[in-house]
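Chemist: Pasting the sequence and the predicted coordinates here, then a few questions.
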Amino acid sequence: MEVVRALFDGHDIRPIEPIKRKKKTEVLVIFPNDAEKIIPEEARRLLRGSGKGEKLTERLLKSRADDIEYESR
């Protein structure tokens, strides 16, 4: 999982840091609770296990293989 800081202006999300992905990718956007700021390490801890049953490892390996195949063309 990659974490990228961004700003939300009420309409659009604009990254503050460079995003290393070039292709279209589905992302999960998490808005921190205004009353309670969460440090990135805590956010990762809260997300851990949220993808159980999604076969994420297999999807990641397939995606990496697809990337290698695409880049070798």
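Modeler: Ah, there it is. Numbers count the residues shown, from 1 in each chain.
Chemist: Show me which residues of the lowest-mean-pLDDT helix or strand in the chain are buried.
Modeler: When the helices and strands of the chain are compared on mean pLDDT, DSSP states H and E, helix 40-47 comes out lowest with a mean of 83. For helix 40-47, the neighbour count (16 or more other CB atoms under 10 Å) marks no residue as buried. For glycine as for every other residue, the C-beta is placed from the backbone atoms N, C-alpha and C.
Chemist: Offset the numbering so it begins at 50, please.
Modeler: Renumbered: residue one is now 50, and that last one reads helix 89-96.
Chemist: Mean confidence (pLDDT) on the very next helix or strand once past it, please.
Modeler: Counting by DSSP states H and E, the next helix or strand C-terminal to helix 89-96 is helix 105-120. For helix 105-120, mean pLDDT rounds to 87.
Chemist: ok, back up a step: check what contacts the least confident helix or strand of the chain and list those residues.
Modeler: 50, 52, 77, 79, 81, 87 (CB atoms under 8 Å, 6 or more residues apart in numbering).
Chemist: can you rerun that using 7 Å?
Modeler: Counting contacts by CB atoms under 7 Å, 6 or more residues apart in numbering, the residues outside helix 89-96 that touch it are 52, 79.
Chemist: which phi and psi does Arg54 have?
Modeler: phi -80, psi 140 (degrees, to the nearest 10).
Chemist: That one and Arg63 touch, don't they?
Modeler: No. Look at Arg54 against Arg63 with CB atoms under 7 Å: they stay out of range, at 10.3 Å.
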